[in-house]
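Engineer: Pasting the sequence and the predicted model now:
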Amino acid sequence: MAQIGIRFYRSLNDFIAPVLGDAEIIHHFERKASIKDMIESFNVPHTEVGQIWVSGAPRGFNYIVQDGDRIEVFPAGENLSAMSAVQLRPPLSQPPQFVVDSNLGRLARYLRLLGFDCLYRNDYSDDMVARIAGEQQRVVLTRDRLLLHRKIVIHGYFVRAGKPKIQTREVLKRFALFFLIKPLTRCTHCNGVLAETGKSRIEHRLEPLTRQYYDKFLMCPDCNWIYWQGSHSTRIKQLLDELVDEGV
C-alpha cells in the first residue's frame with residue numbers, strides 16, 4: 001500500500017479535523033489519484049487551494065500522487081509570491097464577478113449595495129450555480145463545501161461566518177475588494193447597473209412627497225426600480241460604514 005505525507009497550511013485547516021490540523025498527515029492509499037482528488041478527500045475544496053508543493057517542487061491539480069510523496073498545500077488568497085509556483089487557475093477579473101448560492105441572499109444584497117456584480121436568485125440550484133460559474137467565469141460564494149468540489153467551478157470561496165455583515169467583510173478581505181467599492185451603483189434587487197434618469201420620466205410613479213422634495217433619481221434599466229436620496233439614506237450610509245469597517 002502506498003503512503004504519502006500531506007500538510008495543509010493556515011486557513012485550509014478550517015476544513016480538516018482538529019486532531020489532524022497544523023501537522024503532517026500520514027495517509028495510505030491503494031488506487032491511483034490526482035492530487036486534486038487527494039486534497040478533496042480531506043474535505044478541502046480545490047477552490048480554496050492556492051499552491052501545491054510535492055517533495056519541494058510545485059505541481060498542478062493533474063499531478064498523479066506517487067508513493068512517498070511529501071505534499072504541502074497552501075491556501076488561495078494569500079501572498080506567496082516569493083515562491084515560484086504552478087498557476088492552478090486563470091487569474092480573476094478585477095473586480096471579480098460573483099454568483100451566490102440560494103442560502104446567502106443577504107450577502108448578495110450587501111455586495112450589490114457596494115457595487116459588485118453579484119448574481120443571485122433564491123431558487124438557484126447547485127447545478128445552476130455551478131453552470132453559471134463555469135460559463136461566465138464567476139466566483140462561487142457558498143457555505144456548501146461540496147458545491148466547491150465540482151470540477152466546473154474554477155473560482156470559489158467557502159464563506160466561514162454565519163452573519164451577513166461579517167460575511168460581507170470576510171469576502172471583501174479575501175478578495176481585496178476594499179479599494180474597488182463603488183456604493184449605490186447597482187440595483188440591490190436584480191444586480192442591474194443603475195443610471196441617472198430624468199424626473200419627468202418617472203414622475204407618475206412617485207409618491208406626492210417624493211415628487212415634491214426630490215429631483216435626482218437613479219433607475220435600474222433591467223427591473224425599473226427607482227432610487228433616490230431620501231430619508232432612508234442615513235440608514236444606508238450607516239450600513240455601508242458597518243460593511244466596510246474591518247474592525248467591527
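Structural biologist: Nice, I can see it. Remember, predicted model here, so these are calculated numbers, not experimental data.

Engineer: Please give the element, helix or strand, for residue 4.
Structural biologist: Following DSSP states H and E, one finds residue 4 within strand 2-8.

Engineer: in that strand, what's buried?
Structural biologist: 4, 6, 7, 8 (16 or more other Cβ atoms under 10 Å). Bear in mind the C-beta positions are built from the backbone N, C-alpha and C, glycine included.

Engineer: ok, the first one - contacts?
Structural biologist: In other words, residue 4. Residue 4 is in contact with 26, 27, 29, 38, 65, 66, 67, 68, 69, 70, 71, counting by Cβ atoms under 8 Å, 6 or more residues apart in numbering.

Engineer: sorry, back to before: relative to the helix or strand just after the strand holding residue 4, what are the paired strands and their orientations?
Structural biologist: For strand 2-8, the succeeding helix or strand toward the C-terminus, using DSSP H and E, is strand 25-29. Each strand paired with strand 25-29, and its direction, by DSSP bridges: strand 2-8 (antiparallel).

Engineer: Can I get the strand it pairs with as PDB, trimmed to CA atoms?
Structural biologist: Provided in PDB are the C-alpha atoms of strand 2-8 (Å, rounded to 0.1, in the frame of the first residue of the first chain):
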ATOM      1  CA  ALA A   2       1.400   3.400  -1.000                       C
ATOM      2  CA  GLN A   3       2.000   6.100   1.600                       C
ATOM      3  CA  ILE A   4       2.200   9.900   1.500                       C
ATOM      4  CA  GLY A   5       2.700  12.700   3.900                       C
ATOM      5  CA  ILE A   6       0.400  15.700   3.400                       C
ATOM      6  CA  ARG A   7       0.100  19.000   5.300                       C
ATOM      7  CA  PHE A   8      -2.400  21.800   5.000                       C
END
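
Engineer: Give me the mean pLDDT for it.
Structural biologist: The average pLDDT for strand 2-8 rounds to 96.

Engineer: Contact partners for residue 131?
Structural biologist: residue 152.

Engineer: Residue 100: how many residues sit nearby?
Structural biologist: 26 (other Cβ atoms under 10 Å).

Engineer: my guess is it meets residue 107, correct?
Structural biologist: Yes: shown here, residue 100 and residue 107 form a contact pair, counting by Cβ atoms under 8 Å, at 6.1 Å.

Engineer: helix, strand or coil for the residue nearest in space to the middle of the chain?
Structural biologist: Nearest to the geometric centre of the chain sits residue 141, at 3.9 Å (Cα atoms, centre = their mean). When classified by DSSP: H, G, I helix; E, B strand; the rest coil, residue 141 comes out as strand.

Engineer: Now do the contacts for the residue nearest to it when sequence neighbours are not counted.
Structural biologist: Spatial nearest neighbour of residue 141, chain neighbours left out: residue 100 (4.8 Å); criterion: Cβ to Cβ, 6 or more residues apart in numbering. Residues in contact with residue 100 (Cβ under 8 Å, 6+ apart) are 107, 108, 111, 118, 119, 120, 129, 140, 141, 142.
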